[in-house]
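Participant: build the 3D model from these lines:
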Amino acid sequence: MFSTSPKEIGSKIDSLAKSFNGLKCPDGDKNVVFVEFLVDSAGNTSDIKVTKSFCPRLDKIALKIVEIAKFKPALCGEKKTQMRMTYKLNFSQSF
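Facilitator: This next block holds a predicted model:
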């Protein structure tokens, strides 16, 4: 059982997604991408994949944003460990 889940350092995921809020997709209400990834015991992301997409043009951007993100790793007791996460990136202008 995990003591704590991974926590993003610096909130770069949301900030970077906001910087792309001018990109519009055919269905403007669905400018979101759900991404699943692994946070390793050093806080790095890997095995990143889109799990739900409403706008394929945003998928590549979402994958790149998660790739450069850094996390505090999950803890199992006192030991740093890897953990799989799902994150919703919102590219719309209403945050």
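Participant: pull the longest helix from the protein.
Facilitator: Using DSSP state H, we find that the single longest helix of the chain is helix 56-68.
Participant: elements contacting that one?
Facilitator: With contacts defined as 3 or more Cβ pairs under 8 Å, 6 or more residues apart in numbering; DSSP states H and E, helix 56-68 has these neighbours: helix 12-19, strand 32-39, strand 45-53, strand 83-90. (Glycine included, C-beta is placed from N, CA and C.)
Participant: most packed of those?
Facilitator: Of these, the one with the most neighbours on average (mean count of other Cβ atoms under 10 Å) is strand 32-39, at a mean of 20.
Participant: pLDDT (mean, whole number) over that strand?
Facilitator: Strand 32-39 shows a mean pLDDT of 94.
Participant: same check on stretch 74-88?
Facilitator: Rounded mean pLDDT across stretch 74-88 is 92.
Participant: give me the residues contacting that stretch.
Facilitator: 1-6, 13, 32-42, 47, 51, 66, 73 (Cβ atoms under 8 Å, 6 or more residues apart in numbering).
Participant: stretch 30-50: end-to-end distance?
Facilitator: End-to-end distance of stretch 30-50 (Cα to Cα, to the nearest Å): 15 Å.
Participant: with stretch 50-62 instead?
Facilitator: The first residue of stretch 50-62 is 8 Å away from its last residue (Cα to Cα).
Participant: and it, what's its mean pLDDT?
Facilitator: Model confidence over stretch 50-62, given as mean pLDDT, is 87.
Participant: do stretch 13-21 as well
Facilitator: So the average pLDDT for stretch 13-21 ends up being 71.
Participant: begin at 243 from now on, thanks
Facilitator: Got it, first residue is 243 now, which makes that one stretch 255-263.
Participant: nearest residue to residue 333 other than its sequence neighbours?
Facilitator: residue 273 (4.1 Å; Cβ to Cβ, 6 or more residues apart in numbering).
Participant: what does residue 283 give?
Facilitator: Nearest non-adjacent residue to residue 283, counting by Cβ to Cβ, 6+ apart: residue 322, 4.3 Å away.
Participant: report how many residues lie close to that neighbour.
Facilitator: Residue 322 is flanked by 16 other residues according to other Cβ atoms under 10 Å.
Participant: what secondary structure does it sit in?
Facilitator: strand (DSSP: H, G, I helix; E, B strand; the rest coil).
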